[in-house]
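In: Structure, please.
(3 chains)
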Amino acid sequence: MDRRTFLKTASLSSIAFAWGCGTDSDRKIFSRVTASDDSVTGEALWYAATCMECPAGCGIIAKNREGRVVKLEGNPRHPVNRGKLCIRGQAALQGVYDPDRLTAPLLKTNGTFKEISFTKALEILKQKAQTPSERGRDRIRMLTGLTGKPLSDMFTETLAGFGSDRAAVFEPFSYDSLKAAHQAVFKKRMLPSFHMENADFLLNFGADFLETWLSPVEYAGKFKSMHAVREGGKGLYIHAGPFMSLTAANADKFLPVRAGTEYIAAWGILHRLLDNKSYNHLPESFARDLKTAASGYTPSFVEENTGLSQSAQEMLTEKLLAARNPLVLGSASTTPDDTAFLLDTAAALINWILDENLSLYDFENRHAVENTMSTGETAQFFRKAGTDPLDLFLIYNSNPLYSIAYIDPVERLFQNDAVFKVCFSSFMDETARNSDLVFPVRLPLETWDLYESKTGISSILQPAMGKLTHAPAIGDVFLELQGEDSRFDSYRDYLLEHLYAGAGIKSQKDLLGAIQRGGVFEQDGIEAKKTEQVKPVFDKKLSAVLKKAAKACKPRESKGIRFLAVPSLRHFDGRGANKSWLSEIPDPVTSIAWESVLMVHPATLEEYGFEPGDLLEIDAGGRAIRAPVYDYPGVVQDLIVMQTGLGHTDYGRYAREFGENPLTLLKAGAGKGEFTSYLISPDRVRKTGKAGKQPGTDGSRSQHNRKIALSMKGDRAQDHAHAEKPGLDMERFPLTLPYEAGYDEKRDVYPPHEHDGYRWGMIVDLDRCVGCSACAAACYAENNLAVVGKEQIIKGREMAWLRIERYRDRNFDERLIFLPMMCQHCENAPCESVCPVYAPHHSKEGLNNQIYNRCIGTRFCAQNCPYKVRRFNWFEGEWPKPLNLQLNPDVTARTKGVMEKCSFCIQRIKQAHNRAKNENRQIRDGEISPACVQTCPTGALVFGNFLDPKSAVSRLARSSRAYQVLGYLNTKPAVIYLKKVVHDV
Amino acid sequence: MQELTFEKINTTVLDTLSRPGKRYWTVIALLFCGVVLGAACWAYQIFEGVGVAGMNTPVHWGTYLINFVFWVGIAHSGTLISAILFLMRAGWRNPIARAAETMTVFAVCIAGLFPFIHLGRVWLVFYMLPVPNQRTLWPNFQSPLIFDVVAISTYLTVSSLFWYTGLVPDFAIIRDRSVGVRKKIFRVLSLGWSGKSGQWLHYTRGYLLFAGLATPLVISVHSVVSWDFALGVTPGWHTTIFAPYFVAGAIHSGLAMVLTLCIPLRKIFGYERIITVHVLESIAKTIVFTGLIVGFAYGTEVFIAWYSQNIIEMESFRWRAFGAYAPEYWIMVICNSVIPLLFLFRKFRTKIVWLFVISVFVNIGMWFERFVIIVGSVAHDFLPNAWGHYRPTLVEGGIMLGAFCLFFFLFLLFVKHLPSVSMTEMKEHIQHTE
Amino acid sequence: MNTHATTITALFKSEEDTLAAIREIREHGWQVTEVRSPVPAERIAEALGRGKSRVGWFTFAGGVIGFFSGFSLAAFTATRWDLIVSGKPVLSWIPFFIIAFEFTILFAVFGNVLGLLTQLGLPEKDYETNYHEECSGDMYGIEAVADQSEAERLKEVVGRTGTVKRADRMDE
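Out: Numbers count the residues shown, from 1 in each chain, chains lettered A, B, ... in the order given. Sure, this is the predicted structure:
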């Protein structure tokens, strides 16, 4: 960002009016004939903002071209995500341009919605708010998703003005058990962040920190800095749980544990630890009580009830004791049931007894999501809303009718006509559908706001583009509700005051800096108030917990097949389900798009006589879902696993009727406890007799012993042994660099050809790649990839330029290995010579160019591509308005009948060229990063120039782990892979 | 064929050109409807996009190119019979040469249609032609597809000129035996041929040279077609035996098609004494030969795959025989290599019904050979993650039907309006046999 | 032939008869100017002393032209942009040779056709002079010229083996 950003942001409103929702700008590349004073046509403006797709609150910088956001990237200066974004963060962009976005308020009059003006809507709102406040206290209730402090203050003030209580903050994944455990151990309901990067051994009982858990981008990075190969080997990660999630798939060992008994395993470990060794930093009495509490969890008992063999327990204990900085993590975002509390407690206790000063806990930087209601509180809130007198119910940034497991009290509330329900939502989701007034408000990318991603990190939101609709910001709506007596004429002023008052902004200069930086972060010297040193306290409560644990030490009845809902990497809690990229990009573990499948162990399938692809019906508590079966050995036996987030009955064209929502089943287990149980025993599981082809993108899970996604055992020895005897067969074919150096007269018929200063290439470090698919989403956003939809994917016509190939590890059949596959830009590219019209050919910088205008669609190139990375436009790509506004003006949208493929983001290379030319220099190493490289949360992708021996790619290409996929074909790919290093546990 | 005289030949052949009846025209009309249907399907595809066909990633080539190769194959035996057998002085080729050549010309026309149908942007097909343009953009002459463009168009030109040259003396015959408009037309067509001894001298020489040029051409054309695949890296395509293998296959299918066409022709037009059983038998014998070559090629492919010990090659051939397309594979093997062996027994060679049935089987088998090669290879190539399946759609079916209709439409028009047996060559034939 | 010559055309059943007739006519010192036959007849051609056909030269010339034009087309177009494909040299001999080969055949055939047309003297408008339709059937037609005075004897001679079709009037 340049220094004029503040002016830019200030002048945004004018941009907004320069082109509102009504322009037909989508017809042209350029939105406006005359650019506003701060924007240069053809030049991008970057606005720092904050991602609100999950409570993590990552920093983003939004790329604005001619007045509209075309791409989101991680904010490199933001302490949470350090420039990286996850798949959902990349897709957040689509929210703004959602074709199903509401442009005007809708008022329900006898059952049907009618469009009304915003002023009218505001009047209704005022009047609806006024009357109850005269009737009495607390007749208005509000439910919001997690918001920043200023906004929640605004809510509280306004509601107080109407004599009502503060808004209840609800998040579907609220980590109750973790909070409660910390409450019990540290006496504070909090979610400290973990210094995973400093751990050398990680034992995880379910926390899906690569998918949704607390702050996935942050932990993906931290995890890899602990688990990636570096001098002195790599850290060890063992995952014990009922289901091999993406996170578990990245473990060195996945230990199956019967669902709902993870806590037993954890206490079993605790038991062994206490037996093995005495810990003198533990208070005498506590140690005693703990020992007695854990005493029941004998190895044999654990083995019986969890299926975790004694040897495995032994091994885990040893590893924990041997490790310098062991870290134990507890339950996932979706907890099996109340026992999750015991699990998380055990995890906290183990961490404590192994490290008395809890050096891996960061109590200063606690996750914002700690400020939400617990499931119990939520239940309570809705029950009261059902019983107490209530006139007006406000919902903001939340979809309870979809995302709350136990539905009854909520449904009752929404059936109650006495209550006027206002939903501040830009989409006609389930909740909006059942409200009386749907009041669209601006989306995060269009508003000024503040969000405390963590204690001590206030991230700023600013409008990254002019508004597409006339919808006001939620803050301004409430300001209006407050009436004339308010001191502020816009929520922005309110915000600025808050910034000056609270967040340590002293001057205009600070403010400008903060806005440019994207927020107020600790490393800016603005010290967050230090919390007193947090220590576990042994008191009555804790001993009560210990008793509880002792009591819970009884066999868990596990009869019949059970059902577990797990969080989805792509759809989180379902709030992003209408963002087509999220459904189009397949789930990395199952490679299935547009569908929520039932993952079941093959043996269990056999036992129950199900076939993969069968459509099953699962009944529980009078509700049923129907979904296809997917055979997945990564699930323990007698368990059905399904991801959350799909199966909307409303919301939009990309969400409605795709997949099923497992939460609808969870009624059964709910209500009785503090925590949602995402694990239930369904009343019935039966075949419907229907079966079908799944929208899967993978042809085979096995590598058929081909040189594709390679891993090597911890010690590098045999790898060198491999390198020693090169041959011409698949396995021993030497690494052939994609430029003159790769020429070998024994292998090459044709002489090498020169390159002109640069030879672009990429390094893909399989040891770092976790398969999170953020790269794929970034590619969709950057390169205008068409979304083809479920039917076409079943036909095998997805357009992804970059796909995550999921294979079984050749060294360990039960492990998964992920391989990002994109155009390899081969030096001797087979696709080139077969084209009759030179559409693909080699550039002077080694790129394999595809000239869309020249392509006539013979499709020979794709036939001849060993990597099958070329995508053909079988039909005209569709971007329903206003999605077309998201198209990147630097990249042409392809027409039907044309072949396309990864270009290494040539548009970015060109820009770098121009920059270098203007500054009369060479392009620097690392100056260019294609969209995928830019966003990779674990830094698995590196891009650069092979001709520069000092460049990162050249350096990495010299690694002993370097190899080329199917290199023996001697096409000399410019994408060089580094073997994954796996511990043989 | 003693009782066969010059005049007899003339009359038998000219009788076939008599005014056709209702049945003929109804058949013609039906075939035309088929052609229209095919055209409609193509129009729909151009409008909607190639996606209306069943192709996908990884199988980017489907029935369109299968049919392309199939029809080029059919075309070949025409030239084989008229040119190669002519050079070999195989007497039995004379009665069927004309029909075979005609088949060639029409088959090449239809084969030439399919690449167009296959293209994603057919309206830009001229990019493939070396037409001078202001930006000096030219086609890539390294591409096998450009070899195709050159080879197929050469083949079409040559075979039609060859065909016409052969027709000239016959045109003269018709001219001399017709009146009115017809006479006028054939006077023009026959270019005023009058059979002067000088004319015959140059004519025979020119015809010989034609045959001499057509022979290497026909071999090169199907070799080029085979290189569309053999020059690719895909396992199952990337092999040196493809050229001879394809040429043999082409002749195999072509001879079968000749039988399929000549047997009804013979029946309907009473050609029994011209297209004798001996002739059909000779074709059958040749089919046994080509069938053995093709079968040998199948064997070689599998053997080499095993011998190479390249796991990818091995897997791809294992999958061909036992994978998703196993039925197609075994149809291919049985129809092309096993069933033709029945011709080793005289009974099957001489019984018209058997000849016809078996020839149809070979045609089917050869179509599936192309299916197995084109679809079966890419569906299961290098990256297991990209493996996929392909099934043709109705649109493809419609276009394929249209193509067959077009072929028989043209052929029926031909047999009723032009001499379907070369009278001159027949006369020469008996002249020599006397 | 002198101004008092008569042209007689006669039809013969077989090649033998025709040859015999030719021989006899020759013996009498008369000329056989043309023979029309339904099928090629080498011996007649010999008898009439026709030399070898020169069509082949046209064909050969065509072939040579074809080869070079084919190759140079490929080579010329390739050098317009010097695009590198699959790491192969811009001037790739092997693929270009295939192009050259096909062009050779094509142009050779064009040469051949050209040769035929020129040599056969086709298309011929007034082919009908002295032409009899039987010649495209099963008859061999002789066209002999004799001095007017000997016309009758010529008729008689040819009449013995063949059928005399016509003796045209004395040319004035």
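
In: For residue A:843, which non-adjacent residue is spatially closest?
Out: Excluding the flanking residues, the one nearest residue A:843 by Cβ to Cβ, 6 or more residues apart in numbering or on different chains is residue A:849, at 5.1 Å. Any C-beta I mention is one placed from the backbone N, CA and C, and that applies to glycine too.

In: actually residue A:87, not the one I typed
Out: residue A:777 (4.4 Å).

In: List the contacts of the one you found.
Out: Listed by Cβ atoms under 8 Å, 6 or more residues apart in numbering or on different chains, the contact partners of residue A:777 are A:87, A:90-91, A:581-582, A:585, A:935.

In: Quick check: the two most widely separated of these?
Out: Using Cβ to Cβ, the two most remote members of the contacts of residue A:777 are A:582 and A:935, lying 14.6 Å apart.

In: At which residues are the helices of chain C located?
Out: For chain C, helices defined by DSSP state H occupy the ranges C:15-27, C:42-47, C:55-81, C:93-120, C:151-161.

In: And those: which comes nearest residue B:31?
Out: helix C:93-120 (31.4 Å).

In: right, is that closest one up against chain B?
Out: Yes. Helix C:93-120 lies within reach of chain B by Cβ under 8 Å from any Cβ of the partner chain, at C:95-96, C:98-99, C:101-103, C:105-106, C:108-109, C:112-113, C:115-116, C:119-120.

In: Enumerate the residues of the stretch 251-400 of chain B near chain A.
Out: B:310-312, B:315, B:378, B:381-389.

In: Could you do chain C as well?
Out: So chain C meets chain A at C:81, C:83-89 (Cβ under 8 Å from any Cβ).

In: Please spell out the PyMOL selection for the buried subset of these.
Out: Here is the PyMOL command that selects the buried residues among those (16 or more other Cβ atoms under 10 Å in any protein chain shown):
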select buried, chain C and resi 83+84+85+86+87+88
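
In: residue contacts, residue B:415?
Out: Neighbour list for residue B:415: B:16, B:99, B:265, B:269 [criterion: Cβ under 8 Å, 6+ apart].

In: top of the residues you listed by neighbour count?
Out: Most neighbours among those, by other Cβ atoms under 10 Å in any protein chain shown: residue B:99, with 25 neighbours.

In: Whichever helix or strand that residue is part of packs against which elements?
Out: Assessed by DSSP states H and E, residue B:99 sits inside helix B:94-118. Packed against helix B:94-118 by the contact rule (3 or more Cβ pairs under 8 Å, 6 or more residues apart in numbering or on different chains; DSSP states H and E) you find helix B:63-79, helix B:144-176, helix B:242-269, helix B:277-308, helix B:394-417, helix B:423-433.

In: tell me which parts of chain A are close to chain C?
Out: Along chain A, the residues adjacent to chain C under the rule Cβ under 8 Å from any Cβ are A:750-753, A:827-830, A:832-833, A:835, A:838, A:840-842, A:972.

In: and the longest helix for chain A?
Out: Per DSSP H, chain A has its longest helix at helix A:118-135.

In: Span of stretch A:519-537 from start to end?
Out: From its first residue to its last, stretch A:519-537 covers 35 Å (Cα to Cα, to the nearest Å).

In: try stretch A:367-374
Out: Using Cα to Cα, the end-to-end distance of stretch A:367-374 comes to 15 Å.

In: What are the contacting residues of that stretch?
Out: Surrounding stretch A:367-374, the residues in contact under the criterion Cβ under 8 Å, 6+ apart are A:55-57, A:146, A:168-171, A:173-176, A:179-180, A:189-193, A:214-215, A:381, A:451-455, A:674-675.

In: circling back to that earlier point, burial count for the residue nearest to residue A:843?
Out: Using other Cβ under 10 Å, residue A:849 has 19 other residues around it.

In: Quick check: it is in a strand.
Out: Yes. Assigned with DSSP: H, G, I helix; E, B strand; the rest coil, residue A:849 falls within a strand.

In: Now for it: which residues touch it?
Out: Contact analysis of residue A:849 by Cβ under 8 Å, 6+ apart lists A:840-843, A:903, A:906.

In: and it, how far is that from residue A:760?
Out: Distance from residue A:849 to residue A:760, counting by Cβ to Cβ, to the nearest Å: 11 Å.

In: And for residue A:266?
Out: According to Cβ to Cβ, residue A:266 stands 49 Å off from residue A:760.

In: Of those two, which one has the most company?
Out: Just comparing residue A:266 and residue A:760: by other Cβ under 10 Å the higher neighbour count belongs to residue A:266, 33 against 24.

In: Where does the residue nearest to that one when sequence neighbours are not counted fall, secondary structure wise?
Out: Leaving aside its sequence neighbours, residue A:266 sits nearest to residue A:346 (Cβ to Cβ, 6+ apart; 3.7 Å). Secondary structure from DSSP H and E places residue A:346 in helix A:339-354.

In: Mind putting the helices and strands packed on helix B:94-118 into CSV with mean pLDDT?
Out: Putting those into CSV (pLDDT from 0 to 100) gives the following:
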stretch, mean pLDDT
helix B:63-79, 91
helix B:144-176, 91
helix B:242-269, 89
helix B:277-308, 91
helix B:394-417, 93
helix B:423-433, 77
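
In: okay, these, which one's buried deepest?
Out: For these, average neighbour numbers computed from mean count of other Cβ atoms under 10 Å in any protein chain shown are highest in helix B:63-79, which has a mean of 28.

In: contact partners of the very next helix or strand once past that helix?
Out: Next in sequence after helix B:63-79, counting helices and strands by DSSP H and E, comes helix B:85-87. Residues outside helix B:85-87 that contact it (Cβ under 8 Å, 6+ apart) are B:92-93, B:97, B:207-208, B:211-212, B:215.

In: what's the pLDDT at residue 61?
Out: In the absence of a named chain, chain A is used. Listed pLDDT for residue A:61 reads 93.

In: that's the wrong chain, I wanted chain C
Out: 93.
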